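Visitor: take a look and give me a structure for this.
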Amino acid sequence: MQDSDRFLLSQRHLRNSESMIKPIKTERDYKNSLNRIEHLMSKKCSKAETDELDVLATLVEKYEDDNYPIDFPDPIEAIKFSMERAGIDQAQLSEILGGRNRASEILHKKRRLTLRMIRKLHESLNIPTESLIKEYSTSE
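Guide: As a prediction, this is how the structure comes out:
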C-alpha cells in the first residue's frame, strides 16, 4: 500500500468516525467532550479511539485551566490542613520551623514565612510551594 493510499484511508476513517475532535470553545463543547471521554473510558478502545481520548483529555484540561482556575489556599490554612492530614501537632511543626515560638507566631499570623521555612514545609509536609508563597496578612 502506498503512502497516498494510507492517507486516503486515514482521511476516510476520520470522516466516518463518531466524533470529530475540535477546539473546546464553549461550555457546551466542554460538556460534549466530557461525555465523549466518559464513553471512551467505559469501553475497550481501538488505537484511534485511544488517540482521540488523549487529545480530548488535553483539550479538556486546557479549557478547565482557562475557565475554572483553582485558587491556592491561604498559606497558614494550607499548613494547618497539612498538619491535620499528617497527624502532627504544633510541637512537631516547631521542629520543622526551628522553634516552638516560631511555629506559634506563624500559625497565629504574627510572623511571615521565610524562604527557608517554605522549603522545609514543602519538603516535610508536601505542601505545594504555590500555596506557601501566596500573599497573606499578618498582625506584625
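Visitor: go through the helix or strand containing Asp66 and flag the buried ones.
Guide: When elements are assigned from DSSP states H and E, Asp66 belongs to helix 47-67. Applying a neighbour-count criterion of 16 or more other C-beta atoms under 10 Å, the buried positions in helix 47-67 are 49, 52-53, 56, 59-60, 63. In short, each C-beta sits where N, CA and C put it, glycine included.
Visitor: just checking, what packs against it?
Guide: Other elements packing on helix 47-67 under the criterion 3 or more C-beta pairs under 8 Å, 6 or more residues apart in numbering; DSSP states H and E are helix 27-41.
Visitor: what does the helix it packs on contact?
Guide: Defining contact as C-beta atoms under 8 Å, 6 or more residues apart in numbering, one finds that helix 27-41 is touched by 19, 22-24, 49, 52-53, 56-57, 59-60, 63, 67.
Visitor: cool, and stretch 72-87?
Guide: Under C-beta under 8 Å, 6+ apart, the answer for stretch 72-87 is 89-90, 92-93, 106-107, 109, 113, 121, 125-128, 130-134, 136.
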